[in-house]
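[1] how would this look folded up:
(3 chains)
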Amino acid sequence: MAEKLQHVLSVKQLMDVVLLQDLFETAWEFERDEVERKQRMRLSGRIMASMFYEPSTRTRFSFEAAMQRLGGGVLTAENAVDNSSSAKGESISDTARIIGGYADVIVMRHFQKGAVREAASNSPVPVINAGDGAGEHPTQALLDTYTIRKELHRLHGLRVAVVGDLKNGRTVHSLLPLLSLFPGLHVTLIAPPSLRLPQEICAELQERGVVLHETEEFSVTTLGEADVVYMTRVQQERFASVEEYEAVKSVYVLTEEIADQLKEEAIILHALPRLEELPAGVDRNLRAAYFKQAKNGLYVRMALLAYLLE
Amino acid sequence: MAEKLQHVLSVKQLMDVVLLQDLFETAWEFERDEVERKQRMRLSGRIMASMFYEPSTRTRFSFEAAMQRLGGGVLTAENAVDNSSSAKGESISDTARIIGGYADVIVMRHFQKGAVREAASNSPVPVINAGDGAGEHPTQALLDTYTIRKELHRLHGLRVAVVGDLKNGRTVHSLLPLLSLFPGLHVTLIAPPSLRLPQEICAELQERGVVLHETEEFSVTTLGEADVVYMTRVQQERFASVEEYEAVKSVYVLTEEIADQLKEEAIILHALPRLEELPAGVDRNLRAAYFKQAKNGLYVRMALLAYLLE
Amino acid sequence: MAEKLQHVLSVKQLMDVVLLQDLFETAWEFERDEVERKQRMRLSGRIMASMFYEPSTRTRFSFEAAMQRLGGGVLTAENAVDNSSSAKGESISDTARIIGGYADVIVMRHFQKGAVREAASNSPVPVINAGDGAGEHPTQALLDTYTIRKELHRLHGLRVAVVGDLKNGRTVHSLLPLLSLFPGLHVTLIAPPSLRLPQEICAELQERGVVLHETEEFSVTTLGEADVVYMTRVQQERFASVEEYEAVKSVYVLTEEIADQLKEEAIILHALPRLEELPAGVDRNLRAAYFKQAKNGLYVRMALLAYLLE
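    As a prediction, the model looks like this:
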């Protein structure tokens, strides 16, 4: 096994089958634990600092609940950009160094790509990237992969369809490389021409042996073979005109009708929040796994915190 | 006794004498407990999420202190509206469902009437309404009633004067129905013509046997028989003109002089924050019970959390 | 020893050698404790409320980490001014009285000088001033003094150079009186003419036997004898024109070259955040003690909380 991770900044650091196995086993242990309402105090006396320079109540709560369920304490800045020394012009590297004197681990979200890496460069304690703008969100890829593993009982030989905004969605950019660790991956990329997966990611995946199939068509034809249908939000601000947005928006919608025609054992994922691309009616479909996926974030983050702090 | 409450959304759900008795006894137990500095860990390992879509440091702190005094942990969003997925257009029902995967109970304040009920509709864990716009604030009515019970040692045969903005104040709208559970309630409604208690609430109270007396006059004459004088804030934005506001504002003021002439055993309540309607000089009056009332919120919320989570 | 402090509002209350000794010994104990990863639960079951009416993630985290490392719980308002009852016109004295019903100690930062003192006037629990506008920040002076004591092993016979904005910096205004408790203090005041230390503070220090030397010159000549070089931020908004600011800003910079020529045993302090007056290159200099200084805030605040709550 590779050297123990110090910080978690990029999904590249997680591309290690043994590490994943290790984390997933711990996560699964925590999950069963909760069912039994047993209480773990593995991180009692330890403190996590949440530094969110961009809003995300959900991701913040997921990390903070994880830390507290392990017995640890939490310092929280839900809107660090307005309220911190950064307003006085301090470098983020100084901030992390000082906060690292108070806390045992820092979870940071930042609107700027690279900012979390800069914070980590000088931090005396582990820094976890909870999303850095157009950059990465490695723990999201981790919990997505954990969810697939749990629901389908395997990670090899997967047929995955990813749908929507493949150009800007950092979720997909992190998930596909992570899944490519496992042999036999087939990916169907379903997106409008203006939102296709960037060429360098395609190339990287193909180099790693992934079979890619690109299409604009969102239908049972292109989805019917998928084990995993991964929906993403298509955001208006990515389009040149409202008309173009409206046209695309109405096409990439996983209706109840389409959901019913997926393979019986298929699962539907979405990083949430969702808009019209995933109607609430689909929630009743047994293939809908996105709320479980969100909840899995708790266990995976517990596993990651335990890994980093023990 | 009725079925155990799942969510606490409306004071209607609390209109159950046995339930009230049960909650008040637990609250009283917690209160004595604190005096003895004993520590309870009844909710150790459990987590409460505060989702405040509207500012209220006081109510938030009251709930969070209650949870922590029971040994539980807290996730907090002091300004969820700016910082959450709601900014991305997510339904509040989705939000509650996901947060309910991280926390064991959700306390929600929202600026929109009905939003908390919608959140509860899909939540896997109990949701407590901490105020939903012009809607309700059931735990305030609960702590008001608890305070009256503690200070006057009875809830039957009460003479209550409610003063100020009876039209918009959700506090009064929730409190009076709750008190009407107990026989012999006489209520004097003291308000300017434009801020009278809505007719449907009057009718409901009368149907339940409450004797109502409406007047504009705020004086010893109308207050002299009251066991409870419940003052409310008169807010400028409720008036058509500044002049009208100024005229009313200066009338509905409980001066030290008036306070001195109340019945000796009477108590003065106010949900706070107060403005000019309740001068600081009254704080020295033995009838002033509004700071005790605020503190009682702690014990009542402890009792409610213990009830919902055990 | 003097009467036990109830609130901590001004550095004047800390000007007591026995009290300082007591606090510093406790702080040092906590510091060693952490090294050994032993856990203290001295404040288990107690709750601290952070009321920040002005942004300061760092100071807030420092207090909140201190409370949690002692086993206590935390209520936090990172932006009380937008989110609290103060928006509804409530007096800060009412706010403190009510919050004091939920928490065992209140830590308050406010943008207005005197506001924290007003809050304390009516609070049932200790209030700690975490900075009140142009007023004071007593715990900063405490941790500065603790750092000097720890790094130089003495507080008597100190030669201290304070540099930059001596007019507006509340840090320096609090620190120098506190150091003047100890005999043999020599202070070199290095500032541009428009930012000199206020005359009344100079007079007070001289009355207490401090030898003062004022100069505009920032160089090895004026710094060479100093045991402690205390740098401060020079903020643009203090100057009449951008030109004046730029001129001053480039003069009062502790370059690596100057740092190298200080006395070997000298230490460099800064309350942080820093701007250009203290280049990152100096961090490698063994005399740089400002990150240790920030971390010491944790232990000193732990000591203060334990002192106030036990």
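
[2] Give the buried residues for stretch A:117-130.
    Buried positions in stretch A:117-130, judged by neighbour count with 16 or more other CB atoms under 10 Å in any protein chain shown: A:117-120, A:122-123, A:125-130. For every residue, glycine as well, the C-beta is placed using N, CA and C.

[3] nope, stretch A:187-204 is what I meant
    Per 16+ other CB under 10 Å, stretch A:187-204 contains these buried residues: A:187-192, A:195-197, A:201-202.

[4] for stretch A:139-157, same thing?
    So stretch A:139-157, judged by 16+ other CB under 10 Å, has buried residues A:139-152, A:155.

[5] Would you mind identifying the helix or strand in chain A with the lowest mean pLDDT?
    Counting by mean pLDDT, DSSP states H and E, chain A has its least confident helix or strand at helix A:80-83, which shows a mean of 67.

[6] just to revisit the earlier point, what two of the buried residues of stretch A:117-130 are the furthest from one another?
    Within the buried residues of stretch A:117-130, two members stand farthest from each other by CB to CB: A:Asn122 and A:Ala130, at 18.5 Å.

[7] returning to that earlier point: between the buried residues of stretch A:139-157, which sits nearest chain C?
    A:Thr139 (22.1 Å; CB to the nearest CB).

[8] Do I have it right that the closest one meets A:Tyr146?
    No: using CB atoms under 8 Å, A:Thr139 and A:Tyr146 do not qualify as a contacting pair, with a distance of 10.0 Å.

[9] quick one: which of the buried residues of stretch A:117-130 sit in strands?
    Among the buried residues of stretch A:117-130, DSSP state E puts A:127-130 in strands.

[10] Now tabulate the residues you listed in a markdown table and tack on pLDDT.
    Listed next are these as a markdown table, based on pLDDT from 0 to 100:
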| residue | pLDDT |
| --- | --- |
| A:Val127 | 97 |
| A:Ile128 | 97 |
| A:Asn129 | 97 |
| A:Ala130 | 96 |
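
[11] Tell me where the model's unsure across chain A.
    Applying pLDDT under 70 to chain A flags residues A:1-2, A:34-40, A:82-88.

[12] Spell out which parts of it neighbour chain B.
    Along chain A, the residues adjacent to chain B under the rule CB under 8 Å from any CB of the partner chain are A:37, A:39, A:52, A:55-58, A:60-62, A:64-65, A:68-69, A:74, A:76, A:78-79, A:233, A:272-275, A:280, A:291, A:294-295, A:298.

[13] all helices of chain A, in order?
    A:17-35, A:57-69, A:80-83, A:92-99, A:115-121, A:138-152, A:170-179, A:199-207, A:220-223, A:242-251, A:256-260, A:290-309 (DSSP state H).

[14] show me what contacts the most centrally placed residue in chain A?
    Centrality entry for chain A: nearest residue to the mean C-alpha point is A:Gln140, 1.4 Å, by CA atoms, centre = their mean. Going by CB atoms under 8 Å, 6 or more residues apart in numbering or on different chains, A:Gln140 touches A:131, A:170-171, A:174-175, A:271, A:297.

[15] Now compare the residues you listed and name the two farthest from each other.
    A:Arg170 and A:Gly297 (15.4 Å).

[16] quick revisit: using CSV, lay out the contacts of A:Gln140 together with neighbour count and distance to C:Phe239.
    Compiled in CSV, these are given as follows (neighbours: other CB atoms under 10 Å in any protein chain shown; distance: CB to CB, whole Å):
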residue, neighbour count, distance to C:Phe239
A:Gly131, 23, 39
A:Arg170, 20, 43
A:Thr171, 23, 47
A:Ser174, 24, 47
A:Leu175, 27, 51
A:Ala271, 24, 48
A:Gly297, 28, 49
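
[17] export the residues you listed to CSV and tack on distance to C:Val107?
    Output for these, formatted as CSV (distance: CB to CB, whole Å):
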residue, distance to C:Val107
A:Gly131, 30
A:Arg170, 37
A:Thr171, 39
A:Ser174, 39
A:Leu175, 42
A:Ala271, 37
A:Gly297, 32
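
[18] quick check, nearest of the residues you listed to A:Ser10?
    Nearest to A:Ser10 among the contacts of A:Gln140, with distances taken as CB to CB, is A:Ser174, at 8.2 Å.

[19] Deepest in the core, which of the helices of chain A is it.
    Of all the helices of chain A, helix A:57-69 carries the top mean neighbour count, a mean of 26, counting by mean count of other CB atoms under 10 Å in any protein chain shown.

[20] counting contacts, what elements does that helix pack onto?
    strand A:47-52, strand A:73-77, strand A:105-110, strand A:127-132, helix A:290-309, strand B:47-52, strand B:73-77, helix B:92-99 (3 or more CB pairs under 8 Å, 6 or more residues apart in numbering or on different chains; DSSP states H and E).

[21] Which one of those lies nearest to chain C?
    Here strand A:73-77 is closest among the helices and strands packed on helix A:57-69 (CB to the nearest CB), at 3.9 Å.
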